[in-house]
Every structure is written in C-alpha cells, then in structure tokens.
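Undergrad: Okay, structure incoming, though there's no sequence with it:
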C-alpha cells in the first residue's frame with residue numbers, strides 16, 4: 001500500500017507542488033495495476049468565500065492532470081466527495097434523489113457542482129471511471145471542529161465543556177446524519193462496484209449517488225438524543241447568522257442509484273453519538289488542538 005511521504009500543507013503556496021509530487025509517486029507505486037483515489041480534501045464549508053473554493057479547484061485539477069498520465073487510466077477509479085445538502089439546498093421538493101434538480105444556494109454548493117463537472121469531463125477525456133458521492137451530514141470521531149460544521153460533534157463538545165452551542169436555524173430543520181465510518185464503507189464498496197461496472201461498460205463511466213441513511217431527523221430530535229446520553233440538556237443559544245440563508249429547512253434524501261449499497265446495517269444514532277463523545281472526551285483530556 002502506498003503511503004505519502006509528507007502531508008499536504010493545505011492553503012500554503014507549496015501545496016500544489018506537493019500534490020503533484022504525491023500523485024506521481026502514487027502512480028509509480030501502482031505500476032500499471034488497479035488503483036483508486038478518494039478525494040475528500042478541502043477546507044471549504046457552506047459560508048466559504050469564492051477565493052478559498054477556487055484554490056480547491058486548482059488543487060483538484062492539478063491532481064487530475066497528473067493522474068491522466070497513468071499507463072492504464074481505465075484501470076483506475078476516482079471518488080469525489082460532493083455534498084448533498086449543498087447541491088440540493090435551493091430545490092423545494094424533498095426528498096431528493098439523484099434525478100432531482102440541483103440548485104445550490106451558496107458558493108460552496110456551486111463549487112461542488114463545478115467539481116462534479118470537472119470530473120465528468122476528465123472521465124470522458126481519459127477513460128478513468130468516477131464515483132461521485134453526494135454525502136449527507138457526516139458526524140463521528142475525528143471531525144475537524146475548527147470548521148463551522150458538524151452539529152453532532154459541536155453538541156458533544158458543548159456537553160463536555162459546558163460551553164453553549166449556537167444554532168442559527170429552526171429546530172424542526174431536517175437533516176440526514178450519517179456516521180462517518182458507515183459512509184467510508186459505502187465509498188469503499190462503491191469503488192469496487194465502479195471497477196466491476198467499468199469493465200462491462202463501453203466509454204467513460206461516471207456514477208453519482210446520494211450517500212445517506214435515508215432517514216432524516218430534526219435538530220430537535222438530535223438534541224433530545226444527546227440530552228438522554230448526557231443526562232442533561234446541552235446549553236443552546238438560538239441566534240441568527242448571514243449563513244442561515246444558505247440552509248434549507250428540509251434536506252431529506254433518498255437514492256435510486258446502486259440501491260444495493262444502501263442495504264446494510266448502519267450505526268444507530270445513539271451508538272454513533274456515544275462513539276463521537278468518547279473520542280472527543282479522550283482528545284480533550286489529552287489537551288489536543290481544536291481539530292478533534
């Protein structure tokens with residue numbers, strides 16, 4: 001298994017150079033055999049500015065440019081982590097499946113759609129199959145709390161520290177919360193299926209799928225579950241934010257693409273919240289940084 005020799009200094013002037021070097025090392029290690037890349041990179045969130053998002057597109061294009069030089073591009077597979085909430089946010093007919101109209105409300109959603117288009121063209125140009133996952137609200141151990149996202153992780157931190165958490169949308173807002181390890185398993189299985197399908201398909205193969213539990217919950221229900229686990233109510237401050245205009249009330253999801261990937265046992269919310277809480281407690285006790 002190939003391992004990078006250095007981490008990518010995201011946002012630094014040398015990041016593009018590091019990505020290019022790592023992509024070349026990766027192809028050399030693949031030695032013409034089957035290879036897979038999972039692109040889950042990026043620092044952008046719903047309220048990110050266009051300059052930040054443009055840099056991320058530059059990094060993506062740089063990596064794709066190197067991968068296009070693979071000896072056997074059709075033997076590869078590329079996964080891109082898109083955002084269901086971002087691309088469907090402006091559509092008013094939930095639940096949303098892969099055939100639903102897309103209409104982002106924020107530059108973040110527009111950037112995700114543009115990246116999907118970049119990959120679709122890249123697949124057509126060089127023949128590498130692409131799996132685009134429009135992911136629901138991820139939560140779980142290891143989430144970066146320095147970013148303004150991750151409601152469940154933020155609630156867990158508030159429960160441990162006693163600090164209040166600010167919520168800028170209605171408590172009846174519906175979201176689909178998927179435990180990160182469950183989503184990772186769906187991605188891995190999807191990449192294997194992508195390889196099988198590409199071998200039997202003429203031309204470029206691009207598969208777009210919603211990755212979710214398909215069981216939405218209100219924020220109020222999530223708060224109720226965390227209250228049961230903590231044995232007390234987390235401190236909540238309901239406020240306003242300019243970013244709230246980018247948030248739809250109902251982002252219920254369904255999927256009609258590769259439904260076999262959805263037929264699996266998923267981690268129940270109480271179990272996932274407890275795992276997230278235990279991980280965060282350990283990190284806080286170790287005096288870790290805000291990236292938890």
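TA: Cool, the structure landed. As the structure is a computational prediction, the values presented were derived from the model and not from experiment.
Undergrad: CA atoms for contacts and neighbours, from now on please.
TA: Noted.
Undergrad: Which stretches in the stretch 51-200 of the chain count as strands?
TA: Per DSSP state E, counting those that start in this stretch, the stretch 51-200 of the chain carries strands over the ranges 76-83, 130-135, 137-139, 165-167, 174-175, 177-179.
Undergrad: now those strands in JSON lines, with mean neighbour count?
TA: Rendered in JSON lines, the data for the strands of the stretch 51-200 of the chain read as follows (neighbours: other C-alpha atoms under 10 Å):
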{"stretch": "strand 76-83", "mean neighbour count": "23"}
{"stretch": "strand 130-135", "mean neighbour count": "24"}
{"stretch": "strand 137-139", "mean neighbour count": "22"}
{"stretch": "strand 165-167", "mean neighbour count": "17"}
{"stretch": "strand 174-175", "mean neighbour count": "21"}
{"stretch": "strand 177-179", "mean neighbour count": "25"}
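Undergrad: where among the ones you listed is the average confidence lowest?
TA: Among the strands of the stretch 51-200 of the chain, strand 165-167 carries the lowest mean pLDDT, a mean of 86.
Undergrad: So which elements touch it?
TA: Helices and strands touching strand 165-167, as assessed by 3 or more C-alpha pairs under 8 Å, 6 or more residues apart in numbering; DSSP states H and E, comprise helix 151-161, strand 236-238.
Undergrad: sorry, back to before: which one of the strands of the stretch 51-200 of the chain lies nearest to residue 64?
TA: Closest of the strands of the stretch 51-200 of the chain to residue 64 is strand 76-83, at 9.5 Å (criterion: C-alpha to C-alpha).
Undergrad: Strand 130-135 and that closest one, what's the angle between them?
TA: Orientation check (axes from the mean of the first three to the mean of the last three C-alpha atoms, to 10 degrees): strand 76-83 against strand 130-135 gives 20 degrees.
Undergrad: Parallel or antiparallel, which strands does strand 76-83 pair with?
TA: Neighbouring strands of strand 76-83 in its sheet, by DSSP bridges, are strand 35-39 (parallel), strand 130-135 (parallel).
Undergrad: ranges for the helices of the stretch 1-150 of the chain?
TA: With DSSP state H, counting those that start in this stretch as the criterion, the stretch 1-150 of the chain has helices at 15-30, 50-67, 84-88, 107-126.
Undergrad: Just put these in TSV and tack on distance to residue 279 and mean neighbour count.
TA: Compiled in TSV, those are given as follows (distance: least, C-alpha to C-alpha, whole Å; neighbours: other C-alpha atoms under 10 Å):
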stretch	distance to residue 279	mean neighbour count
helix 15-30	29	18
helix 50-67	29	17
helix 84-88	26	26
helix 107-126	29	19
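Undergrad: any residues touching the least confident helix or strand in the chain by mean pLDDT, and which ones?
TA: Within the chain, no helix or strand scores below strand 236-238, which has a mean of 82 by mean pLDDT, DSSP states H and E. With contact meaning C-alpha atoms under 8 Å, 6 or more residues apart in numbering, strand 236-238 is reached by 164, 165, 166, 167, 168, 169.
Undergrad: low-confidence ranges in the chain?
TA: Low-confidence segments of the chain (pLDDT under 70): 44-48, 147-148, 202, 239-244, 288-292.
Undergrad: now the helices of the stretch 1-150 of the chain as TSV including distance to residue 207?
TA: Compiled in TSV, the helices of the stretch 1-150 of the chain are given as follows (distance: least, C-alpha to C-alpha, whole Å):
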stretch	distance to residue 207
helix 15-30	23
helix 50-67	17
helix 84-88	14
helix 107-126	9
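Undergrad: Fine by me, thanks again.
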